[in-house]
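Chemist: Have a look at this fold, sequence not included:
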């Protein structure tokens, strides 16, 4: 758990400080995104704040993630196709970078995609890496070609505004937040807004829309 300026693990009921020598900035607007990268936890907390971090062992401390100095901070990250991926980086909020498929500490100088606007989410979904921007959803598909290992395809309109709001359920649906409501997507057709029953004064009008980018969600199997 990231708690203010510290990182703790709790294996046996006693929290242990695993922060080590890394710097963690306490900032309500820089919440952390973590993912399992083949047995190593990688984390990022927003473009321009703290560096990406790695936690390689339950008995060890946090350390700075090695990205070959391609960028120094990221807003979103994911593990897909045996690679670590980071997006919304300080060298370009519209960029998504990928690591080597054999070493999460090796990042090629040209191993990135540009999407033209800020990347707001990265989620593996139906065999491709789903890349959200505010207005579009893209897919990065493995090609099996070592020279050009991924092809990019625009999949849908209306991506998320909140990087931690994207959840994928066991039934294969993706859910996420936009300023006008909650959306559901099947990966192929256009996303549909499903929150009509809480429109207006019933709930949605009372939300602070300017803070929606900080919202988060979890999927509860039913």
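Modeler: Arrived safely, thanks for sending. Quick caveat, the model's predicted, so the values are computed rather than measured. Numbering: from 1, shown residues only.

Chemist: Provide a list of residues in contact with the most centrally placed residue in the chain.
Modeler: By Cα atoms, centre = their mean, the mean C-alpha position of the chain lies nearest to residue 76, the distance being 3.3 Å. Residues near residue 76 by Cβ atoms under 8 Å, 6 or more residues apart in numbering: 33, 44, 86, 87, 88, 119, 120, 121, 122, 163. The way it works is simple: take the backbone N, C-alpha and C, and place the C-beta from them, glycine included.

Chemist: following the helix or strand encompassing it, which helix or strand comes up?
Modeler: Using DSSP states H and E, residue 76 maps to strand 74-80. Counting by DSSP H and E, the next helix or strand C-terminal to strand 74-80 is strand 83-89.

Chemist: Can you tell me which helices and strands that next one packs against?
Modeler: Contact partners of strand 83-89 among helices and strands, from 3 or more Cβ pairs under 8 Å, 6 or more residues apart in numbering; DSSP states H and E: strand 74-80, strand 92-98, strand 119-125.

Chemist: who's in contact with it?
Modeler: Here strand 83-89 makes contact (Cβ under 8 Å, 6+ apart) with 37, 42, 44, 46-47, 52, 67, 70-79, 94-101, 104, 118-120, 122, 129, 131, 163.

Chemist: List buried residues within those.
Modeler: Taking 16 or more other Cβ atoms under 10 Å as the criterion, what is buried in the contacts of strand 83-89 is 37, 42, 44, 46-47, 52, 67, 70-79, 94-99, 104, 118-120, 122, 129, 131, 163.

Chemist: now residue 55: how far from residue 41?
Modeler: Residue 55 sits 4 Å away from residue 41, going by Cβ to Cβ, to the nearest Å.

Chemist: Quick check: residue 205 vs residue 221, distance?
Modeler: 31 Å.

Chemist: neighbour-wise, which of these two wins?
Modeler: Under the neighbour definition other Cβ atoms under 10 Å, residue 205 and residue 221 were set side by side, and residue 205 has more, 10 against 6.

Chemist: Report the secondary structure state of that one.
Modeler: For residue 205, the secondary structure call by DSSP: H, G, I helix; E, B strand; the rest coil comes out as helix.

Chemist: buried ones in stretch 154-167?
Modeler: In stretch 154-167, counting by 16+ other Cβ under 10 Å, buried: 155, 156, 158, 159, 160, 161, 162, 163, 164, 165, 166.

Chemist: Let me know the angle separating the helix or strand harbouring residue 43 from strand 83-89.
Modeler: Under the criterion of DSSP H and E, residue 43 resides in strand 40-44. Put simply, strand 40-44 runs at 10 degrees to strand 83-89, going by axes from the mean of the first three to the mean of the last three Cα atoms, to 10 degrees.
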